[in-house]
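Visitor: 3D model of this:
(chains A and B)
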Amino acid sequence: MNPLRRSGRIAALALFAFAAVPPATASAHGLVGKADLPLPTWLFAWAAAVVLIVSFAALGLLWPRPRLQRPRERRLLRLGPWVDVVGGVVGVGLFVLLVLSGLAGTSVPTANFAPTFVYVAFWVGLVVGSALFGDLFRVLSPWRALARFAAWLTGRLRPAAGATGDGGSGLPEPLAYPRWLGHWPAVVTIAGFAWLELVSVDRDDPRLLAFLALGYAALQLVAMSVWGIEAWSRRGDGFAVFFGLFAKVAPLARRDGVLYLRRPLDGLPSLEVVPGTVALLCTMIGSTTFDGLSGGPLWTDLSPHLQSVFEELGLGATAAGEASFTVGLLGCLLLAGLVYRIGVLGMRTVDRERSAGELAAAFAHTLVPIALAYAVAHYASLLIYQGQALGYLFSDPLGDGSDLLGTANWTIDYTLISATGIWYLQVFVIVLGHIAALALAHDRAVALYRDGRAALRSQLWMLAVMVAFTCLALWLISAANA
Amino acid sequence: MTLLFAHAGHWLVSMVYAAPALLLAGALAVSTIRQRRREAEKRAAGEPVERSRAE
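Guide: All right, here's what the predicted structure looks like:
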């Protein structure tokens, strides 16, 4: 091996190893509170930017040919249809518990199973689970399980009824899913859920969550009956698409009843980009951005002014508050889209043969690790601390004093990890996610361009995008830590 | 404008975080403008202009 290349590889490995080792102070604190950091937080953003720039240089030196464009999978074991049956039963059971506790349980959010399950286990826990173990939601989805069961049952009862639909059920053929619709229903779902979580004053109302869950499930069943179970799950079911995107990062994939092992990120280059995919990814990043922003001093300063504008327009205090938060949320969604758009337009200065839309689609998959890093970093403390509440909420889901599993007296252990430990975990996840995005973008560029110099020049703009998203993420979590 | 100046401290602190991204974007913008100028001068002189080749 060329000595220069070998020493470059050693330097790159040392850099990645350095990035992966948390400092000794990470475990030195046992209390939850403000992180005790040896450096100002802005210096972490600068250091992260330097790590990305050095990683970019290392990729240019050590990664001359595409390596990720063709996934390498190894067959692990057969996981037949019983997995769907068991997963479906578990998913439907959890859904029933959610609705039941929402409708019949206490209205105190912290004592009711529904809010913690929706915002912690479902919205955050399943993101981490999908990124580690693959597409769990596909197996657990209660509406997919119910629809498949209904199709199977209809097929058993009406075996000779004309043309077959999904799964040979004897139902009429579903309509073709419109290509123009793409992932837009998922964009609406995820933006709507983000609005509920971040803007609505009734976000923790267990009854509202139960009604919304029922409404969403009914909508999914209708849509699946029109466009087919699998077609709608792949494109239109917002949560299925959302968790499915994170599952492409995972080293495990299940296909045709077989579980495959692959390299992490291997599923992303084959991501099918349809209308709305880029908007969905920007919605995912933008909504987490607003969640961080709304907890910081900048938004605390700005929002009263916005609220007073809406109050002057005739809205009540609550509605004006929600309107100002809606503006903030929309602003963050647009900001995420704008940062990516600037990167794409920058790439166009190097590659004028492709349209901005083609380039945006070609590099859309690089946004997935960024969205994942944002979600994990932002919600790490919520998952670690509030996730423990599920231990006693499962035992007393209605909050009526019952103790079904004998764990109703469990409490949250806030000494599990210190605030400083969480800060270092967040920084590590953010930097790692952006390095992964940089590697994916570099791999796509060397696959697209014959000219290595053009590939590198085009990726300077993606480097700027990654640095911008990294600094934004670190600013947001530092604001929450202030 | 009052709104902007009233919270200038927070805006300025936030700009410290944005500095690496702004510096990089600025450097790229300047480099792109220079590259275009060089290409325009080559075109004016009748020399061939190197373009990025894509597959």
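
Visitor: Poorly predicted segments of the chain, please.
Guide: You didn't say which chain, so I picked chain A. A:1-35, A:38, A:159-171, A:481-482 (pLDDT under 70).

Visitor: wait, I meant chain B there
Guide: Using pLDDT under 70, chain B drops low at B:1-10, B:48-55.

Visitor: repeat that for 50
Guide: B:1, B:52-55 (pLDDT under 50).

Visitor: give me every residue that touches A:P81.
Guide: Taking CB atoms under 8 Å, 6 or more residues apart in numbering or on different chains as the contact definition, A:P81 lies against A:G257. All C-beta atoms are positioned from the backbone trio N, CA, C, and that covers glycine.

Visitor: quick one: which helix or strand includes the closest residue to chain B within the stretch 51-200 of chain A?
Guide: Nearest residue of the stretch 51-200 of chain A to chain B (CB to the nearest CB) works out as A:I53 at 7.8 Å. Assessed by DSSP states H and E, A:I53 sits inside helix A:41-62.

Visitor: Buried residues, that helix. List them.
Guide: For helix A:41-62, burial by neighbour count (16 or more other CB atoms under 10 Å in any protein chain shown) applies to A:41-42, A:44-49, A:51-53, A:55-60.

Visitor: Downstream of it, the next helix or strand is which one?
Guide: strand A:73-78.

Visitor: Convert the C-alpha atoms of that following strand to PDB, please.
Guide: Output of strand A:73-78 as PDB, limited to C-alpha atoms (Å, rounded to 0.1, in the frame of the first residue of the first chain):
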ATOM      1  CA  GLU A  73     -26.300  -8.600   2.600                       C
ATOM      2  CA  ARG A  74     -25.800 -11.900   4.300                       C
ATOM      3  CA  ARG A  75     -28.700 -14.200   4.900                       C
ATOM      4  CA  LEU A  76     -29.100 -14.700   8.700                       C
ATOM      5  CA  LEU A  77     -32.200 -16.800   9.300                       C
ATOM      6  CA  ARG A  78     -35.700 -17.300   8.200                       C
END
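
Visitor: Which residues does that strand contact?
Guide: With CB under 8 Å, 6+ apart, strand A:73-78 has contacts from A:L252, A:A253, A:G257, A:V258, A:L259, A:Y260, A:L261, A:R262, A:D266.

Visitor: Try it again at 10 Å.
Guide: Identification of contacts with strand A:73-78 by CB atoms under 10 Å, 6 or more residues apart in numbering or on different chains yields A:251-263, A:266-267.

Visitor: Give the buried residues for it.
Guide: Those would be A:E73, for strand A:73-78 by 16+ other CB under 10 Å.

Visitor: That one pairs with which strands?
Guide: Applying DSSP bridges, strand A:73-78 is found paired with strand A:258-262 (antiparallel).

Visitor: Tell me the helix or strand right after the strand it pairs with.
Guide: helix A:277-293.

Visitor: Just the CA trace of that following helix, in CSV.
Guide: Only the C-alpha atoms of helix A:277-293 are listed here, as CSV (Å, rounded to 0.1, in the frame of the first residue of the first chain):
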residue,chain,number,x,y,z
THR,A,277,-39.5,12.5,0.1
VAL,A,278,-37.2,15.5,0.4
ALA,A,279,-40.0,17.5,2.0
LEU,A,280,-40.6,14.7,4.5
LEU,A,281,-37.0,14.5,5.5
CYS,A,282,-36.9,18.3,5.9
THR,A,283,-40.1,18.1,8.0
MET,A,284,-38.4,15.5,10.2
ILE,A,285,-35.3,17.7,10.7
GLY,A,286,-37.3,21.0,10.9
SER,A,287,-39.7,19.7,13.5
THR,A,288,-36.9,18.6,15.9
THR,A,289,-35.2,21.9,15.2
PHE,A,290,-38.3,23.7,16.4
ASP,A,291,-38.6,21.5,19.5
GLY,A,292,-35.1,22.6,20.5
LEU,A,293,-35.6,26.2,19.5
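
Visitor: chain center to the helix holding A:I53: distance?
Guide: 24 Å (CA atoms, centre = their mean, to the nearest Å).

Visitor: do stretch A:251-265 as well
Guide: Counting by CA atoms, centre = their mean, stretch A:251-265 comes out at 19 Å from the chain centroid.

Visitor: Not counting it itself, show me its contacts.
Guide: By CB under 10 Å, 6+ apart, stretch A:251-265 touches A:67-68, A:71-84, A:131-136, A:138-139, A:247-250, A:266-267, A:365-366, A:368-369, A:436-437, A:439-440, A:443.

Visitor: Neighbours of A:T349, how many?
Guide: By other CB atoms under 10 Å in any protein chain shown, 18 other residues sit near A:T349.

Visitor: I'd say it and B:L28 touch.
Guide: Yes. Counting by CB atoms under 10 Å, A:T349 does reach B:L28; the two are 8.8 Å apart.

Visitor: Find residues that contact each of the two.
Guide: Common neighbours of A:T349 and B:L28, counting by CB under 10 Å, 6+ apart, are A:R457, A:W461.

Visitor: Would you agree A:A479 is in contact with A:D301?
Guide: No. Using CB under 10 Å, A:A479 is not in contact with A:D301; the gap is 11.4 Å.

Visitor: These two: who's more crowded?
Guide: Using other CB under 10 Å, the more surrounded residue of A:A479 and A:D301 is A:A479, with 22 against 15.
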